[in-house]
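> What follows is a predicted structure for the sequence shown.
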Amino acid sequence: MRRLRKVKIVATLGPASDTYEMIRALHEAGADVFRLNMSHGTHDEIRAKHEIIRRVEKDLDSPIAILADLQGPKLRVGTFENGSEDLAEGAAFRLDLDPASGDAARVCLPHPEIFQALEAGSHLLVNDGKIRLKVLECGPDFADCTVITGGTISNRKGVNVPDVVLPLAALSEKDRDDLEFACQLGVDWLALSFVQRARDVFEARTLADGRAAILSKIEKPAAVEEFDAILDASDGIMVARGDLGVELPVAAVPPIQKRLVRRCRAAAKPVIVATQMLESMIESPMPTRAEVSDVATAIYEGTDAIMLSAESAAGHYPIEAVRTMDKVAIEVEADPTYTQIIAASRTAKGSTIADGIVAAAREIAEKTDIKAICCFTQSGTTALLTARERPGVPIIAMTSLLDTARRLCLSWGCHCVITPQLERFKGAVVNAARAVRAGGFASEKDQIVVTAGVPFNVPGTTNILRVAPCDERLIYNTDPG
C-alpha cells in the first residue's frame, strides 16, 4: 500500500478501534504501525487485536508493524480516609510506609525504593505535577515535605520523582509476563517504559532474545542525561513528551525533542514523537491550529514517526485523526523548506562500505532523474542507513524476511516489499524493477538505484550499487550478472 509521505504514523488501539472494520480503515487511512498498550486490557483482549491486525495485513497484502507498549512500574500514593484532601501551599505533609488511610497531614507511599533515593531538597510531583512537594527531611520510611503547589490529592494518584534516579528496574513482574506474552504473540517492537539508564534496556533485550526489537521511551530526566548510552543499547526511541513535561519544565521539552530526534537520525535508529499530538480530536473532528503546528514541527525535525494515543484508542474520531496526520505530513514534505531543513541537518556518519553506498545512492537520486532507491536487506540495517540519509525519493526496502519488513514499517520513507530469496544480482534488479512498477513508483521508462550485498542473504554485506532501468528487457540485455 503506497503512502504519499515519508514519515510514519503510529495509531494506538483501544475501545474505539478494536474491530476488523476499524483497524482496516485506520490502516487504509494511513496508520503504518499499531500500538497495543499493555497497561489496558487483558491478554485475551490484546491477542484478539493482534489477530485482527494480522488478518488486515494478509487481506491487504501490506506489512504492518505491531508495537507492544509495556506499562513499567507505577508509583502511586495510598488511599485517604475521606477519599481526598485539599493541600494548601506552605502546608506540611508527610509521606510514609504506614498503610493506614491518609488525611490532610499524611498519606502512605508504598514504595520504599523512593525513600531510599530521596534527599532533602528533592521534589515529588503528584497527579501529573498538579501538586508539588519539596522534601525537608527524610529517612528510610518517611519524607516530611512542604507543599510548593497545592491542590486536591486523592486516592492512588501517580507520583513522579524527577530529581533522583530511583533504584527500580524498568520491568515489573507484570512487565515480564507481558513481554513474554507479546513475544510469543509475535509483535515486532517492544516499548520499554521507565527507562533511566542503559542497563534498564539490557534486561528487556535478554528476555526478548531477538524476538522483538526494543524501543526505549524517554520520559524521565535521568534518561535524557544518559541518552547516548540508552540509544546505543536500543533499537529505537520514543520521545514520550507527556511524562517529560511533568518531570521537566515544559519549556525544556521542545529543545530536548529536537536534540533527541537528531541524535536518533545520526545513529540510524527510528524515533517516534508521541503524546498529545492531536488531543482535541478525542472529542472534536477538527484539530486546533496549535496541534497541527506541533505535528508539522516533528515532521520538519525529521522524526521517523508520529503517534496517536487516546485520539485513536478511545476518541470519537480515530479515522479522522489518522487522516489529519496524513494530510499534514503530505503538505509539510511538499514544502521546499522541509527539503532544505532535512539537507541542512544531514550529518556524515560512519566509514563502512555500506555507509558510503547509501550516501552515494542518495546523492545520485538527488542529482539525476531517479524514481526510487531499492535496497535489498536481511537484517534491515541497509534500509535504516538509507533512511538516515533522508533521500528525496522513496526507499523500497526489499527483503525475504517478513519480520524485517514489519519492523521497517516504523522507519522513515521505507516502503517494505517481500521478495523471494535471491542468489544473483540480476534477479535482484529484475525484482526491484517489478516492485517499483507494481507500487506505482516508476514506469518502464524510468530508472532506479539498486543496492545489495554479495553474497546474497548474508547480513552486513552491502557492497553493490547500480543505476538500473525499470524495463526488464533492458536489464536482461545489459546486466552481465
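Happy to help now that I have it. All of these numbers come straight from a predicted model, not from anything done at the bench.
> C-alpha only now, for contacts and for neighbours.
Fine.
> Run through the residues that contact Val295.
Applying CA atoms under 8 Å, 6 or more residues apart in numbering to Val295 gives the contacts Met277, Leu278, Ile306, Met325, Val328.
> Now name the helix or strand holding it.
If you go by DSSP states H and E, Val295 is part of helix 289-300.
> which helices and strands sit right next to the helix or strand hosting Val273?
Taking DSSP H and E as the criterion, Val273 maps to strand 271-274. Contact analysis of strand 271-274 by 3 or more CA pairs under 8 Å, 6 or more residues apart in numbering; DSSP states H and E lists strand 236-240, helix 253-266, strand 305-308 as its packing neighbours.
> Out of these, flag the one nearest Arg2.
The minimum distance between Arg2 and those falls on strand 305-308, with 16.2 Å, by CA to CA.
> Contacts for the closest one, please.
So strand 305-308 is in contact with 7-12, 270-278, 295, 298-299, 321-322, 410-412, going by CA under 8 Å, 6+ apart.
> Following element in sequence after it, please.
Strand 305-308 is succeeded, C-terminally, by helix 310-313 (DSSP H and E).
> Need the contacts of Val295 in TSV (columns: neighbour count, secondary structure and pLDDT).
What follows is the contacts of Val295, written out as TSV (neighbours: other CA atoms under 10 Å; DSSP: H, G, I helix; E, B strand; the rest coil; pLDDT from 0 to 100):
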residue	neighbour count	secondary structure	pLDDT
Met277	25	coil	97
Leu278	27	coil	97
Ile306	25	strand	98
Met325	25	helix	98
Val328	16	helix	98
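> Which of those residues sits closest to Thr461?
Once CA to CA is applied, the member of those that ends up nearest Thr461 is Ile306, at 31.4 Å.
> what are the bridge partners for that closest one, then?
Ile306 has these beta-bridge partners by DSSP bridges: Ile9, Val273.
> Roughly how far does it sit from Ala223?
Relative to Ala223, Ile306 is positioned 20 Å away (CA to CA, to the nearest Å).
> any low-confidence regions in the stretch 251-400 of the chain?
By pLDDT under 70, the weakly predicted segments of the stretch 251-400 of the chain are 348-349.
> go again using 90 as the cut-off
Scanning the stretch 251-400 of the chain for pLDDT under 90 picks out the ranges 346-354.
> The stretch 51-200 of the chain too?
Scanning the stretch 51-200 of the chain for pLDDT under 90 picks out 74, 128, 163-164, 168-169.
> and the helix holding Val295, how far out from the chain's middle?
Put simply, helix 289-300 sits 17 Å off its chain's centre (CA atoms, centre = their mean, to the nearest Å).
> Next, the buried residues of that helix.
Glu291, Val292, Asp294, Val295, Ala296, Ala298, Ile299, Tyr300 (16 or more other CA atoms under 10 Å).
> can you check stretch 113-120 too?
Here stretch 113-120 shows Ile114, Phe115, Ala117, Leu118, Glu119 as buried, counting by 16+ other CA under 10 Å.
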